[in-house]
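Q: below are the sequence and a predicted model; questions follow.
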Amino acid sequence: MATFGTLSDRLTETFRNLRTKGKLTPADVDGTVREIRRALLDADVALPVVKDFTAKVRERALGDEVNRALNPAQQVVQIVNEELVAILGGQQRRLQFAKNPPTVIMLAGLQGSGKTTFAGKLAHQLEKDGHTPLLIAADLQRPNAVNQLQVVAERAGAAIYAPEPGNGVGDPVKVARDGVEVARRQQHDVVIIDTAGRLGVDAELMRQAADIRTATDPDEVLFVIDAMIGQDAVNTAKAFQDGVDFTGVVLSKLDGDARGGAALSVASVTGRPIIYASTGEGLDDLEAFHPDRMASRILDLGDILTLIEQAQQAFDEEEVMKMAEKLATEQFTLEDFLGQMQQMRKMGSMKKMLGMLPGMGSMKDQLENFDEREIDRTEAIIRSMTPAERRNTKLLNGSRRLRIARGSGMTVTDVNQLVQRFEQAAKMMKTVARGGVPNIPGMGPVPGAGRPGASSKRGKQQKAKGSRSGNPAKRAAENAGLAAAPTAPTGSGFGLGNAKGTPSEADLAELQKLLGKG
């Protein structure tokens, strides 16, 4: 995740230096805590949070749980991970729905924090979960705020209540109150109220937000805060907590290049849980916030659980079963390969998915240079093939490959490389489906896969049969001798010609011919 990139790099480097030590001294612990403190301060984490965090880490790192550990460095990493989870809120908190619908969710925050965009994302997610949300346009101050919410609602496929044009016209408190009544009559089970923001915290903003809260009695008040706001996040959060008293936090713009201190400060300072994290501009770029998973990402320990959840949402279980059956029966084709790529595209950005794997922080440059359009190029090549060619790559002769390259805007070399990669991947998947161990390209055969004692050098010698003599008569005689020679039985562990290891009379006669003495 881009927001925590610098912090993750600093912490990872600190722990890398720690792992070289077999036993930790108090000086090692103090040095590690000092580096952690600097990393957190550079990431714009609030000073009180940094002091509390480092004090707990130091106390635990100097305790018995590290001194008695078989691997002290790993134990320190575990301590830092647990303390990070604690300041991020500890346990995940989901939305609280009302027993008697509609559930009223009020959004608050500064102007530009991403409230309107989040309203559309939340409505879209609730729609997918089977709810019927209604968006209420109660931001009547910001220019074109109502129009923006209407566009967002249309994209999300959600209903909207916008009786006033906005741009300074209308009473936001009345709109919010009437909107809840409309939702109740039309049987919408969730109401999302988009309120006005300001460029800074002021009394008018707080009074208006407090009046809307009193008029609608919301079940959830979500404070939307820009993750790139830096040190001012704590002051803003405290002001809203005193003026409106929110029940949960939403972090927006976590895909930015900021240092991310807001995320590590707000939950700890306000005591309110972070419920959602917005990670992009798309409607699907909204994640439920898991403190333990976020801590793992910061420490470059990966986030496999989120990756699995995204895969479960994107992949059709019935299609997966069909694909497994095709692999088992060796019927995997380029059409199936194309279908798998399209399923992966539903999961979102490949960079984000790869970034959730453990240890990918050390490959940041490779991830940044990863070209997402490579999937588009591959899809273009496959779509330029006929159905018969996709099902059977053996049909792809030179003229067909040239036609495919021209049709896809690629080169023949690109087509050849795709076919080669597909055939290697299909071969590996078929081997795995049969319960075997694949021969990984570039790594040679798996040890133990062939005959015991056999070597690659011996195999090359066996392939290079035939004489290379310049004398035609001598070459014919040598080839005849090689053809008549007995082959080594496969049951011999040492590759000897026969069980006794002694030459026959025929062997001696051929040997004399080869030496020119016959």
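A: Yep, that arrived.
Q: okay, CA-based contacts and neighbour counts for the rest of this
A: Will do.
Q: where does the prediction get shaky in the chain?
A: 1-6, 8, 19-22, 64-70, 199-201, 230-231, 255-263, 300-331, 344-372, 429-518 (pLDDT under 70).
Q: ok, then the element right after the one helix or strand residue 174 maps to?
A: Assigned by DSSP states H and E, residue 174 falls within helix 172-185. Scanning forward in sequence from helix 172-185 by DSSP H and E, the next helix or strand is strand 190-194.
Q: residues making contact with that following strand?
A: With CA atoms under 8 Å, 6 or more residues apart in numbering as the test, strand 190-194 has contacts from 101-108, 115-116, 119, 123, 131-139, 176, 180, 183.
Q: stretch 144-162 now?
A: Under the contact criterion CA under 8 Å, 6+ apart, stretch 144-162 has outside partners 116-117, 120-121, 123-124, 127, 132-140, 165-167, 175, 179, 283.
Q: CA atoms only: put it into PDB for me.
A: This file holds the C-alpha atoms of stretch 144-162, laid out as PDB (Å, rounded to 0.1, in the frame of the first residue of the first chain):
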ATOM      1  CA  ASN A 144     -22.100  21.200  -7.600                       C
ATOM      2  CA  ALA A 145     -22.000  18.800  -4.600                       C
ATOM      3  CA  VAL A 146     -25.500  17.600  -5.300                       C
ATOM      4  CA  ASN A 147     -24.700  17.000  -9.000                       C
ATOM      5  CA  GLN A 148     -21.600  15.000  -8.000                       C
ATOM      6  CA  LEU A 149     -23.600  12.800  -5.600                       C
ATOM      7  CA  GLN A 150     -26.200  12.200  -8.400                       C
ATOM      8  CA  VAL A 151     -23.400  11.100 -10.800                       C
ATOM      9  CA  VAL A 152     -21.900   8.800  -8.100                       C
ATOM     10  CA  ALA A 153     -25.300   7.400  -7.200                       C
ATOM     11  CA  GLU A 154     -26.000   6.600 -10.900                       C
ATOM     12  CA  ARG A 155     -22.600   4.800 -11.200                       C
ATOM     13  CA  ALA A 156     -23.300   2.800  -8.000                       C
ATOM     14  CA  GLY A 157     -26.900   1.900  -9.100                       C
ATOM     15  CA  ALA A 158     -28.300   3.400  -5.900                       C
ATOM     16  CA  ALA A 159     -31.400   5.600  -5.300                       C
ATOM     17  CA  ILE A 160     -30.900   9.200  -4.300                       C
ATOM     18  CA  TYR A 161     -33.000  11.900  -2.600                       C
ATOM     19  CA  ALA A 162     -32.000  15.400  -3.700                       C
END
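Q: OK, contacts around residue 177?
A: Residues near residue 177 by CA under 8 Å, 6+ apart: 212, 215, 216.
Q: same thing but 7 Å
A: Residues in contact with residue 177 (CA atoms under 7 Å, 6 or more residues apart in numbering) are 215, 216.
Q: report the inter-axis angle for the helix holding residue 174 versus strand 190-194.
A: Inter-element angle recorded for helix 172-185 and strand 190-194: 160 degrees (by axes from the mean of the first three to the mean of the last three CA atoms, to 10 degrees).
Q: please, which helix or strand holds residue 142?
A: Using DSSP H and E, residue 142 is not contained in any helix or strand.
Q: so how many other residues sit close to it?
A: As a burial measure, residue 142 scores 14 neighbours (other CA atoms under 10 Å).
Q: that one contacts residue 167, doesn't it?
A: Yes: look at residue 142 against residue 167 with CA atoms under 7 Å: they come within range, at 6.0 Å.
Q: in strands, which of the contacts of stretch 144-162 fall?
A: Among these, DSSP state E puts 133, 134, 135, 136, 137 in strands.
Q: any chance of these in TSV, with neighbour count and distance to residue 416 too?
A: Listed next are the ones in strands among the contacts of stretch 144-162 as TSV, based on neighbours: other CA atoms under 10 Å; distance: CA to CA, whole Å:
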residue	neighbour count	distance to residue 416
133	26	50
134	26	52
135	29	52
136	30	55
137	29	55
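Q: now flag whichever of these is closest to residue 335.
A: residue 133 (38.6 Å; CA to CA).
Q: selection in ChimeraX covering whichever of the contacts of strand 190-194 are buried, please.
A: To isolate the buried subset of the contacts of strand 190-194 in ChimeraX, counting by 16 or more other CA atoms under 10 Å, use the following:
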select :102,103,104,105,106,107,108,115,116,119,123,132,133,134,135,136,137,138,139,176,180,183
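Q: could you check how far residue 374 is from residue 396?
A: Residue 374 sits 22 Å away from residue 396, taking CA to CA, to the nearest Å as the criterion.
Q: and those two? which has more neighbours close in?
A: For residue 374 versus residue 396, neighbours defined as other CA under 10 Å are more numerous around residue 396 (18 against 10).
Q: for the nearest residue to that one once chain neighbours are set aside, helix, strand, or coil?
A: In space, and not counting its chain neighbours, residue 396 is closest to residue 389: 6.6 Å by CA to CA, 6 or more residues apart in numbering. At residue 389 the chain is in helix, as set by DSSP: H, G, I helix; E, B strand; the rest coil.
Q: wait, residue 389 sits on residue 395?
A: Yes: with contact defined as CA under 7 Å, residue 389 counts as touching residue 395 (6.0 Å).
Q: those two: who's more crowded?
A: Neighbour totals were compared for residue 389 and residue 395, and residue 389 leads with 17 against 12 (other CA under 10 Å).
Q: helices and strands around the strand or helix carrying residue 222, which ones?
A: In the assignment (DSSP H and E), residue 222 maps to strand 220-226. On a contact count with 3 or more CA pairs under 7 Å, 6 or more residues apart in numbering; DSSP states H and E, strand 220-226 meets strand 103-108, strand 248-252.
Q: now those strands as JSON lines including distance to residue 279?
A: Converted to JSON lines, the helices and strands packed on strand 220-226 look like this (distance: least, CA to CA, whole Å):
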{"stretch": "strand 103-108", "distance to residue 279": "18"}
{"stretch": "strand 248-252", "distance to residue 279": "7"}
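Q: and these: which comes nearest residue 42?
A: Per CA to CA, nearest to residue 42 of those: strand 248-252, 19.3 Å.
Q: and the angle for the closest one with strand 103-108?
A: Using the same axes, to 10 degrees: strand 248-252 against strand 103-108 is 60 degrees.
Q: counting contacts, what elements does strand 248-252 pack onto?
A: Packed next to strand 248-252, using 3+ CA pairs under 7 Å, 6+ apart, are strand 220-226, strand 274-278.
Q: contacts for the shortest one next, please.
A: Okay, so that is strand 274-278. The contact list for strand 274-278, computed with CA under 7 Å, 6+ apart, reads 89, 93-94, 248-254, 267, 285-289.
Q: export the helices and strands packed on strand 248-252 to CSV and append columns for distance to residue 404 and mean neighbour count.
A: Shown next, in CSV, are the helices and strands packed on strand 248-252 (distance: least, CA to CA, whole Å; neighbours: other CA atoms under 10 Å):
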stretch, distance to residue 404, mean neighbour count
strand 220-226, 47, 25
strand 274-278, 41, 25
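Q: can you redo the ones you listed as a markdown table with distance to residue 339?
A: As requested, those are exported to a markdown table (distance: least, CA to CA, whole Å):
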| stretch | distance to residue 339 |
| --- | --- |
| strand 220-226 | 37 |
| strand 274-278 | 28 |
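Q: what residues sit buried inside the helix or strand hosting residue 78?
A: Using DSSP H and E, residue 78 sits in helix 72-87. Under the neighbour-count criterion of 16+ other CA under 10 Å, helix 72-87 has 72-73, 75-77, 79-87 buried.
Q: what of stretch 376-383?
A: Burial within stretch 376-383, assessed by neighbour count using 16+ other CA under 10 Å, is assigned to 378, 379, 380, 381, 382, 383.
Q: which of those residues fall in helices?
A: 378, 379, 380, 381, 382, 383 (DSSP state H).
Q: would you turn the residues you listed into JSON lines with distance to residue 244?
A: As requested, these are exported to JSON lines (distance: CA to CA, whole Å):
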{"residue": "378", "distance to residue 244": "52"}
{"residue": "379", "distance to residue 244": "51"}
{"residue": "380", "distance to residue 244": "53"}
{"residue": "381", "distance to residue 244": "56"}
{"residue": "382", "distance to residue 244": "56"}
{"residue": "383", "distance to residue 244": "55"}
